[in-house]
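Engineer: with the sequence up front, the predicted model follows.
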Amino acid sequence: MSSNFGSIPLRYRVSIDREQCMECGRCIDNCSYGVFRRDGDRILINSRKCTACHRCLAYCPRDAIMLEEHPCDYRSHPVWNRQVREAIYNQARTGKIILAGMGSVANLPVIFDHLMLDACQVTTPPTDPLREPVELRTYLGKKPSRLDFRRNSNGDVELSTELAPNLMVETPILLGHMSYGAISLNAQVSMARAAKETGTYMGTGEGGLHPGLYPYQDRMIVQVASGRFGVNIDYLERGAAIEVKLGQGAKPGIGGHLTGEKVSKDVSRTRMIPQGSDAISPAPHHDIYGIEDLPQLVRSIKEATGWKKPVFAKVAAVNNTAENVAAVARASVDAIAIDGFRGGTGAAPRVFRDHVGIPIEVAIASADRELRKQGLRNEVSLIACGSIRESADVVKAIALGADAVYIGTAALAAMGCRVCGNCYQGLCPWGIATQRDDLVQRLNPDVASKQVANLIHAWTMEVTELMGAAGINSIESLRGNRDRLRGFMLDEGLLNVLDVKPVGA
Amino acid sequence: MVKPVTIDAKGMHYTPLNQQIRKAVEDGASEVIVENVLGQRFIGDGLRGDATIHIHGVAGGDLAMFMSGPTVIVHGNAEHAPGNTMDSGKVVIHGSAGDAVAHSMRGGKVFVRGDIGYRGGIHMKQYETQRPILVVGGSAQTFLGEYMAGGLLVVLGLDGVMKAREIGSGIHGGEIIIRGDVGDSCLAAGAKKVSLTDADRARIAPVLREFAGDFGLDPEPLVSADYTRIVPASARPFAGKYTWE
């Protein structure tokens, strides 16, 4: 039965400058959504299919293609805006949950943008990173509260404190978890090579570890999610660290699933599930029904791998993140990733993506404060993630209490992603969020890995410069250093939660 | 032939216990006998090889988790989640076991002579030749086979009435076979009953014979008994739930 709505207005309008166009057809070849088609010697356009992925613009040799947003306005209304109305039309027509991709599009202020970093002037001179070392090397994992020493039989002093395994990263920027299935193998390989080149680590996501990533396994953090996809003893032993996924910033409190259409032969082999079946990750782990069960899972993983690898846990940023993190810190976990509500995703119910969770800035600050209050801060490292967009965000997140950050969407953008938000369609024309062979081939891992490595290099240099300007020569001196932050146009309540002074104070 | 290795677990923490078991298997022991087990968790966790481990006492949680290959025989009860995310091998429990038995198990067998707790066989999954099998001699509690994604789960109800309700909640793969009738009200959303065909019966008969052999039971009454077969209504339970933005 057809609906009463007819067509909703176009989101984008694509047009071609016919003076410039030479009818070469590259737009047709490049658009996986089918916007362009040839009719005789003329290229026709169906703007309704456009997702603003920009692939056609990027590959038009004549810059002949133009793309506009919102060419047709609804009656302007501050409350019943376009998104609200279109969601209603969609659900009135289908009766279903709306699925959305990438991070939240909710029009809320970004706290990072209201935090200003400090710099030194004359009372304390800045550090010049060109001639003075600025230490960015970070160790993720448990640190001892104190060190004990003893003399051995030769009379030499040696350490008697047993140190927990840590991950050594050369930059506080890690590549976050994006699974094979959600993204292509070429995208994963590109990031893995970049991780190796830059001395950092990359998360596998919950999709298992494809043999194509084995050469980089010493830079991989393998994930154990509730679906336990691809998890066996071989998988656990291959990873440099293991992360238990408890939640995700884009969809706190719910599980996830990769739709059967995307469970291709290769994805099914890697996830160890039948081809074409839904890959369901339920909301809880079925062996974690309370906080007392988490150490059971963490210890079983450590026991299976001989207590040689750090075990991380990832939680979504929610109201009681501080309590959650303190509880997780007591659960034999070595590092906790906190994923803010703007975190990216291949697919999430729109209502969760845009309305559930709290900003990472608040979550990391309150978790850091609670851990310090409880004397647990040394027990775990904190990794901030979910909308880290630039090097300034990295520095601000660390100043708010993180040890390091995970980046996700930024790494995808470094490979070409235009953040069009249609990952769930599986048609990503950039070869990133797709499993279609011809599209996957568009992403050259030699080139893309260099781009991701360049981004990490560039941000790492900027972090160094920002630290030098603030007179800080080691990342450990930046961690939790709220004195280097000032809130600009933030209310007193939020400043209190962040534990940051206002500008001028 | 290497002699069986005997380990006295009395008062021992699970880590040194597991280290001793692992070393014995690596040194070539085909049989390891562990005495005085009293709730130590993670026994056989991540263990590889083809040795047989005899547990005398009560095994703690997550017995044989991530295990790949060996056989573990528990001459007593086991706590929750034996066979958790197990890859291959076999776990035989002569007593009863706790909740989440065979959770996310992806291969091998778990045989429990007695009862199991809640969420038995939860999220068991199969892949190519990897097809996990859980057989329960006694009863199972509610949420049996929840989110089951593959494999075979059999409940024989040898000691009385099967108690499970909400059977197969969210099931999208595999099959649950229960001796006797199961009321429609005991099935959860996503599960449906189908009749057991002769081919099905022939398929499960070797499993029942193996189970009976492990516990010294007469297999023939089990092989010829009436069963209810429960399977997913769909391999794509979420296929119709979502629309695109």
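Structural biologist: Perfect, thanks for sending it. Residues are numbered from 1 along each chain as shown, chains lettered A, B, ... in the order given.

Engineer: quick one, strands of chain B?
Structural biologist: Applying DSSP state E to chain B gives strands spanning B:5-8, B:31-38, B:52-58, B:68-75, B:88-93, B:109-112, B:133-136, B:149-155, B:173-179, B:191-194, B:227-232, B:242-244.

Engineer: ditto for the stretch 101-250 of chain A
Structural biologist: A:115-117, A:138-140, A:149-151, A:157-159, A:167-169, A:173-175, A:202-203, A:220-224, A:241-245 (DSSP state E, counting those that start in this stretch).

Engineer: again, but for the stretch 401-505 of chain A
Structural biologist: Under the criterion DSSP E, counting those that start in this stretch, the stretch 401-505 of chain A contains strands at A:404-407, A:485-487, A:501-502.

Engineer: which strands and helices sit next to the second one?
Structural biologist: Counting by 3 or more CB pairs under 8 Å, 6 or more residues apart in numbering or on different chains; DSSP states H and E, the packing neighbours recorded for strand A:485-487 are strand A:115-117, helix A:492-498, strand A:501-502. In short, each C-beta sits where N, CA and C put it, glycine included.

Engineer: how about low-confidence regions in the chain?
Structural biologist: Assuming you mean chain A. A:1 (pLDDT under 70).

Engineer: not what I meant, chain B
Structural biologist: B:1-2.

Engineer: how many other residues sit next to the residue of the stretch 201-350 of chain A found nearest chain B?
Structural biologist: When scored by CB to the nearest CB, the stretch 201-350 of chain A has A:A304 as its residue closest to chain B, at 3.0 Å. Residues near A:A304, counting by other CB atoms under 10 Å in any protein chain shown, number 26.

Engineer: that one reaches B:F66, doesn't it?
Structural biologist: Yes: counting by CB atoms under 8 Å, A:A304 does reach B:F66; the two are 4.7 Å apart.

Engineer: picking up where we left off before, how about the residue of the stretch 201-350 of chain A closest to chain B, nearest residue that isn't a chain neighbour?
Structural biologist: B:G46 (3.0 Å; CB to CB, 6 or more residues apart in numbering or on different chains).

Engineer: related to what we said a few turns ago, quick check: neighbours shared by A:A304 and B:F66?
Structural biologist: A:233, A:236, B:45-46 (CB atoms under 8 Å, 6 or more residues apart in numbering or on different chains).

Engineer: burial of residue 59, as a residue count?
Structural biologist: Went with chain A since none was named. 16.

Engineer: my question was about chain B, not that one.
Structural biologist: B:A59, neighbours per other CB under 10 Å, totals 32.

Engineer: nearest residue to it other than its sequence neighbours?
Structural biologist: B:A78 (4.3 Å).

Engineer: and the lengthiest helix in chain A, what's buried?
Structural biologist: Scanning chain A for the helix with the most residues, using DSSP state H, yields helix A:445-469. By neighbour count, and taking 16 or more other CB atoms under 10 Å in any protein chain shown as the criterion, the buried residues in helix A:445-469 are A:445, A:448-453, A:455-456, A:459-460, A:463-469.

Engineer: please apply the same query to stretch A:11-25.
Structural biologist: Quick answer for stretch A:11-25 (16+ other CB under 10 Å): A:11-14, A:16, A:21.

Engineer: same check, this time on stretch A:310-324
Structural biologist: Quick answer for stretch A:310-324 (16+ other CB under 10 Å): A:310-318, A:321-322, A:324.

Engineer: tell me which of those fall in strands.
Structural biologist: Those of the buried residues of stretch A:310-324 lying in strands (DSSP E): A:311-316.

Engineer: identify, from the residues you listed, the entry nearest to A:S381.
Structural biologist: Closest approach between these and A:S381, by CB to CB: A:F312, at 8.4 Å.

Engineer: so what's that closest one up against?
Structural biologist: Residues near A:F312 by CB under 8 Å, 6+ apart: A:140, A:221, A:241-244, A:333-337, A:383.

Engineer: of those, list those near chain B.
Structural biologist: Counting by CB under 8 Å from any CB of the partner chain, nothing from the contacts of A:F312 sits close to chain B.

Engineer: now render these as CSV, adding neighbour count.
Structural biologist: As requested, those are exported to CSV (neighbours: other CB atoms under 10 Å in any protein chain shown):
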residue, neighbour count
A:L140, 26
A:I221, 30
A:A241, 22
A:I242, 27
A:E243, 29
A:V244, 22
A:V333, 28
A:D334, 25
A:A335, 25
A:I336, 26
A:A337, 30
A:I383, 26
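
Engineer: starting from B:Y127, give me the distance back to the residue in chain B that chain A sits nearest to.
Structural biologist: Residue nearest to chain A within chain B: B:G46 (3.0 Å; CB to the nearest CB). B:G46 is 19 Å from B:Y127, where distance means CB to CB, to the nearest Å.

Engineer: right, I'll leave it there.
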